[in-house]
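**Q** Let me see the structure of the following:
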Amino acid sequence: ECLPWCLDARIRETRENGFDVDLIIGFKIFRETFTSRVNLDRPHHIHVDYIRGPLKYLRNDWYFENRSEGGTMIQSHVDFAFKNPIFEKLMGGFFEDAVSRMISAFATRADDVLGP
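**A** Modelled structure (predicted):
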């Protein structure tokens, strides 16, 4: 509910160290389902492997480090490419902006839930 353009999220399967999930992303006429495997190494790392959807690949990692002065340092790395080179040219810039906005939405949600 806090992510821009995320219309739905459905857990397909749960495992001991994570889950498989479908994210349905939509914006205007664009609507796609991305299936990913999320692996959790709590409380330090989240790794996302792309399974299927409109991309050639997607790699996503989140790293969490407790700070001695308090709080948590969060690093996120995202790398992706579209299957179709024409679609890449049309949507590449938009998708990069979407990822950036989603990361900001995560940070805003964390502030709302946990405090700054």
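**Q** Dig out what the most centrally placed residue in the chain forms beta bridges with.
**A** Relative to the mean C-alpha position of the chain, the nearest C-alpha, by C-alpha atoms, centre = their mean, is the one of N60, at 6.7 Å. Under DSSP bridges, the beta-bridge partners of N60 are V48, V78.
**Q** From here on, call the first residue 53.
**A** In the new count, where the first residue is 53, that last one comes out as N112.
**Q** The nearest residue to L92 once chain neighbours are set aside bridge partners, please.
**A** Once its chain neighbours are removed from consideration, L92 has its nearest residue in G70; the separation is 4.7 Å (C-beta to C-beta, 6 or more residues apart in numbering). Where C-beta positions appear, they are placed from N, C-alpha and C, glycine not excepted. For G70, the residues forming beta bridges with it (DSSP bridges) are R67, N91.
**Q** residue contacts, G70?
**A** With contacts defined as C-beta atoms under 8 Å, 6 or more residues apart in numbering, G70 is in contact with R89, V90, N91, L92.
**Q** top of the residues you listed by neighbour count?
**A** Among those, the one with the most neighbours (other C-beta atoms under 10 Å) is V90, at 18 neighbours.
**Q** Identify the residues contacting it.
**A** Taking C-beta under 8 Å, 6+ apart as the criterion, V90 is in contact with G70, F71, D72, V73, I98, H99, V100.
**Q** can you rerun that using 10 Å?
**A** V90 makes contacts with 63, 66-67, 69-73, 98-101, 112, 114, as judged by C-beta atoms under 10 Å, 6 or more residues apart in numbering.
**Q** Tell me where the chain has strands.
**A** Along the chain, the segments classed as strands by DSSP state E run 58-67, 70-79, 82-93, 97-104, 107-118, 124-134.
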